[in-house]
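1. build the 3D model from these lines:
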Amino acid sequence: MRKILIIEDEPEILTILAMALENDGEFQALTARGGREGLHVAQSERPDVILADVLMPGMDGYEVCRRVKADPELRHIPIVLLSAQAEHKAQEMTREAGACACLGKPFDPMGLSGRIKAIIDEATPA
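-> Okay, the predicted model is just below:
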């Protein structure tokens, strides 16, 4: 089972994401309600993948991504961002921050697990 760290400041969305990803039995969801808390969880739990919202108070998803990628112990972890921003801008900023993908909000909870698995498989060297 893969550990996925979900960093999201909106409790309802955090719950939906965790349930959607744990539902198929391939993910164990770890949760954090903001960027700083997410970094602490990443450092202590060493998840297999991180799913982070872009727009959060304090530390946004792009900054979380930059900090994870700057940490030699964490930089190997694939990061997927969630954004309600215009797609072109979000994709460009996603690449600059070092994330492997950016999924749009709103998202389809039923298809989320499959999309995350495909992104991880694509981002992980064979």
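2. just the residues contacting the longest helix seen in the chain, thanks.
-> The single longest helix within the chain, with elements called by DSSP state H, is helix 109-123. The contact list for helix 109-123, computed with CB atoms under 8 Å, 6 or more residues apart in numbering, reads 2, 4, 16-17, 19-21, 23-24, 26-27, 48-49, 51, 78, 80, 100-101, 103. Backbone N, C-alpha and C define where each C-beta goes, glycine included.
3. repeat that for 6 Å
-> Residues outside helix 109-123 that contact it (CB atoms under 6 Å, 6 or more residues apart in numbering) are Ile16, Ala20, Leu21, Asp24, Val49, Pro78, Val80, Cys100, Ala101.
4. repeat that for stretch 72-92.
-> 42, 49-54, 61, 65, 68-69, 94, 99-103, 105, 119-120, 123.
5. just the buried members of the residues you listed?
-> With burial judged by 16 or more other CB atoms under 10 Å, the buried subset of the contacts of stretch 72-92 is 42, 49-54, 61, 65, 68-69, 94, 99-103, 119-120, 123.
6. return the subset of those residues lying in strands.
-> Val49, Ile50, Leu51, Ala52, Asp53, Ala101, Cys102, Leu103 (DSSP state E).
7. the first one bridge partners, please.
-> As for beta bridges, Val49 partners with Ile4 under DSSP bridges.
8. that one contacts Leu5, correct?
-> No. Counting by CB atoms under 6 Å, Val49 stays clear of Leu5, with 7.4 Å between them.
9. which of the helices or strands spans the closest residue to Glu45 other than its chain neighbours?
-> Setting aside the residues directly before and after it, Glu45 is nearest to Leu30 in space (CB to CB, 6 or more residues apart in numbering), at 5.5 Å. Secondary structure assignment for Leu30, by DSSP states H and E: strand 27-32.
10. report the angle between that strand and helix 109-123.
-> 100 degrees (axes from the mean of the first three to the mean of the last three CA atoms, to 10 degrees).
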